[in-house]
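# Model the structure of this input:
(2 chains)
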Amino acid sequence: MISLEVLKVGIVSCSGEAVCEGTLSRIACRRVLDDIRPAETVTICLPLFLAGGKEEREFAARYPTITVDGCEKRCAQKSTEKLSGKPARSILIPEILKKHGLEAPTSLRDLSPEEKASAQLVAEEIARAVDEILNGTEG
Amino acid sequence: MSQKAKKVVVLPCSGIGKVYGALARETAYELMDRVRPGVVVTTCLPLLVIEDSEAKQLVTANPVITIDGCPKSCAQKSVEAQGVTPAQSFQAINFYKAHKDLKPDGIAELDENGRRLAAIAADELARVVDDLAAGGVR
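You can find the predicted model right below:
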């Protein structure tokens, strides 16, 4: 039987212009895409699911996806499920912050040094999820 | 400005893949925080994708300005998908074309050129906001 190897994981970030956790999500996701797992990850702009064509809608069919949401409304997860496919993993920023005893960010635009450290921690959680998916060990 | 000004909704591109998306977002924040606080509001663009009732109410009850970061025009199309025509639609790259000495860089976080360009763009959009807030053509 032929095994189809998964080579890349799609990251779908909350864009969250109106919530501070959205800013944290964007920064954390870019760190994964640019610095931590650049060869193993790709992304798509979330509203492209709506505005885009067939290629964007097939995103989750081509890649296992990780959605990263900034609030309980879970736009990234719901949009991906609705328009593309079920995410392999769905991450909620407030849950990660709570798990590590960290405060929620307070600025939409500029994260403080402490908040940037939180973004790094979230990025590392995303990277772990990427590794688990690529290694076939996702829970 | 009129004391009875309406809210004006500014919806930027929400992309995390291109610098002009970041420029669109920063321009919206400049309008909201510095140039026309209390008049300009925003919401998360993907809330429209999941048909959030509050987000939909916001864009149907108020004039909307969209600022897109690429020709796919997600912000404009996301508003139009709600049956609403934006009062004004802009492409952030045109802000740069008008001020070529300020080439922006950065995606998650804009560099200094990008921030200065966003501030200038927001200043230039103030008149559009004022017209819409005063009940100008939608």
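# CA only for contacts and neighbour counts going forward, please
Will do.
# ok, B:Leu47 touching A:Cys75?
Yes. Judged on Cα atoms under 8 Å, B:Leu47 makes contact with A:Cys75 at a distance of 6.1 Å.
# Comparing these two, which residue is more hemmed in?
Set B:Leu47 next to A:Cys75 and count neighbours by other Cα atoms under 10 Å in any protein chain shown: A:Cys75 wins out with 30 against 24.
# worst-scoring helix or strand of chain B, pLDDT-wise?
helix B:45-49 (a mean of 86; mean pLDDT, DSSP states H and E).
# can you list the residues that contact that one?
A:14-17, A:46-47, A:50, A:75-76, A:79, B:11-14, B:55-56, B:75, B:78-79, B:82 (Cα atoms under 8 Å, 6 or more residues apart in numbering or on different chains).
# change it to 6 Å
Residues outside helix B:45-49 that contact it (Cα atoms under 6 Å, 6 or more residues apart in numbering or on different chains): A:Pro47, A:Cys75.
# near chain A at all, the helix or strand B:Leu125 falls within?
Secondary structure from DSSP states H and E places B:Leu125 in helix B:112-133. No. Using Cα under 6 Å from any Cα of the partner chain, helix B:112-133 never reaches chain A; the gap is at least 10.9 Å.
# average pLDDT across that helix?
In this model, helix B:112-133 has a mean pLDDT of 97.
# ditto for stretch A:72-79
92.
# B:Phe90: helix or strand, and which one exactly?
strand B:88-91.
# Just name whatever secondary elements that strand is in contact with.
Strand B:88-91 is packed against strand B:64-68, with contacts defined by 3 or more Cα pairs under 6 Å, 6 or more residues apart in numbering or on different chains; DSSP states H and E.
# The same query, at a cut-off of 10 Å, please.
strand B:8-12, helix B:19-30, strand B:64-68, helix B:74-80, helix B:112-133 (3 or more Cα pairs under 10 Å, 6 or more residues apart in numbering or on different chains; DSSP states H and E).
# quick one: the helices in chain A?
For chain A, the helices defined by DSSP state H occupy A:20-31, A:48-51, A:54-57, A:59-62, A:75-83, A:93-99, A:113-134.
# among those helices, which is nearest B:Ile107?
Set against B:Ile107 and scored by Cα to Cα, the helices of chain A come closest in helix A:20-31, at 8.0 Å.
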